[in-house]
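Chemist: using only what follows, build the 3D model:
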Amino acid sequence: MKKDHIKIKRSPLPKFTKNDAIDLFYILAGMFIFSLAVNLFIVNAQLLSGGLTGASLILQYLLQIPVWLTTLLLNIPLIILSICKLDFKFTMYSTIGIAANSLFIWMTEDLTHLIQMDDPLVLGVLGGVFKGIGIGLTMLHNGSSGGLDILALYLRRHRGKGNIGTYSFILNIVIILCGMIWFGVNSGLYTAVSLFVTSFATDYFISIMDRKKMFLIVSDQSELLKKEITVLFQTGVTIIHGEGAYTGTPKEILYCIVYNRDFPELRSFIKRVDPHAFISIIETTEVWGSSFKNML
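Modeler: Numbering: from 1, shown residues only. Reported below is the predicted structural model:
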């Protein structure tokens, strides 16, 4: 079984498909919206942002080092980690997202003065909304702007633990405190409001746009698939015993549900393991129990 696992990891590079092109388009669109949020609102109000972008903004305000350059440099070690330890597609999407994020921030940095507004609270809220939409759009298409997303995915898949929310919360607290120390209490508080709005807008956007997918899989590699799906995608798999109507051959039907953001990766994974697998994918709007949140 271990040998099969290694064989999958070293499989040939997946072909570039129409779905990949669609994903990349939305990742680029999400990063462009994110860059507008940073330069039109956050920088305009002299506030900070979350994650590595926030650390980069601190360096820009204090040392005049461009945000796009610092963001790119800080992400290089995480890209190397992703190349060595994570999936090719996730690494490719993340690398493109990081590069696009830096490129668009650089391209839009001269647009800061287009917004003529003196209220930092309003600017922080608008920046949070735009950032949330940009991040949500990117995440829905299996993308990432880098940063802690890569570290959290690595810990989840290879250590069995890791919560992006915890790491983001700790880093954001540090950024808010830095904002209060160097730029005043008001700046730190407005930054906290902006970060809260970003988090809310991201979750709200995803909750509206994200629909879960139900997979029914019939494959001769069901033993390998059910174990790998459970580990890689952190979702349960139910086995339904069936029988081929024509051949009378017993079949194992794998039943599982994944979030929409994991849908392209799971579909590609199944095709790599068994190109002849029969897959039925059904849209589902509400799931209760297991690893999915209950609707109250």
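Chemist: okay, CA-based contacts and neighbour counts for the rest of this
Modeler: OK.
Chemist: and the strands in this structure?
Modeler: 212-218, 238-243, 250-258, 278-284 (DSSP state E).
Chemist: show me what contacts the closest residue to Ile79 other than its chain neighbours?
Modeler: Take Ile79 and drop its neighbours on the chain: the residue closest to it by C-alpha to C-alpha, 6 or more residues apart in numbering is Thr95, 6.6 Å away. Applying C-alpha atoms under 8 Å, 6 or more residues apart in numbering, we find Thr95 in contact with 79, 145-146.
Chemist: what about Ala55, distance to Ile173?
Modeler: 12 Å (C-alpha to C-alpha, to the nearest Å).
Chemist: touching, Thr249 and Glu243? I think so.
Modeler: Yes: using C-alpha atoms under 8 Å, Thr249 is in contact with Glu243, at 5.5 Å.
Chemist: who's more crowded, those two?
Modeler: Set Thr249 next to Glu243 and count neighbours by other C-alpha atoms under 10 Å: Glu243 wins out with 12 against 9.
Chemist: correct me, but the more buried one touches Lys251?
Modeler: Yes: Glu243 lies in contact with Lys251 (C-alpha under 8 Å); the separation is 5.2 Å.
Chemist: before we move on, the earlier item: can you add mean pLDDT and distance to Ala29 and give the strands of the chain back as TSV?
Modeler: Converted to TSV, the strands of the chain look like this (pLDDT from 0 to 100; distance: least, C-alpha to C-alpha, whole Å):
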stretch	mean pLDDT	distance to Ala29
strand 212-218	87	22
strand 238-243	87	37
strand 250-258	87	24
strand 278-284	85	25
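Chemist: so where is the stretch 51-200 of the chain shaky, pLDDT-wise?
Modeler: Scanning the stretch 51-200 of the chain for pLDDT under 70 picks out 149, 152-168.
Chemist: which residue ranges of the stretch 51-200 of the chain form helices?
Modeler: With DSSP state H, counting those that start in this stretch as the criterion, the stretch 51-200 of the chain has helices at 51-63, 67-85, 88-108, 120-140, 148-158, 164-183, 185-209.
Chemist: of those helices, which stretch is the most buried?
Modeler: helix 120-140 (a mean of 25; mean count of other C-alpha atoms under 10 Å).
Chemist: okay, the angle between that one and helix 88-108?
Modeler: Taking axes from the mean of the first three to the mean of the last three C-alpha atoms, to 10 degrees, one finds that helix 120-140 is oriented at 150 degrees with respect to helix 88-108.
Chemist: could you shift the numbering so residue one becomes 56, and keep it that way?
Modeler: Fine by me, first position is 56 from now on; the one you just mentioned is helix 175-195.
Chemist: quick one: list the elements packing against helix 175-195.
Modeler: If you count contacts as 3 or more C-alpha pairs under 8 Å, 6 or more residues apart in numbering; DSSP states H and E, helix 175-195 packs onto helix 73-91, helix 240-264.
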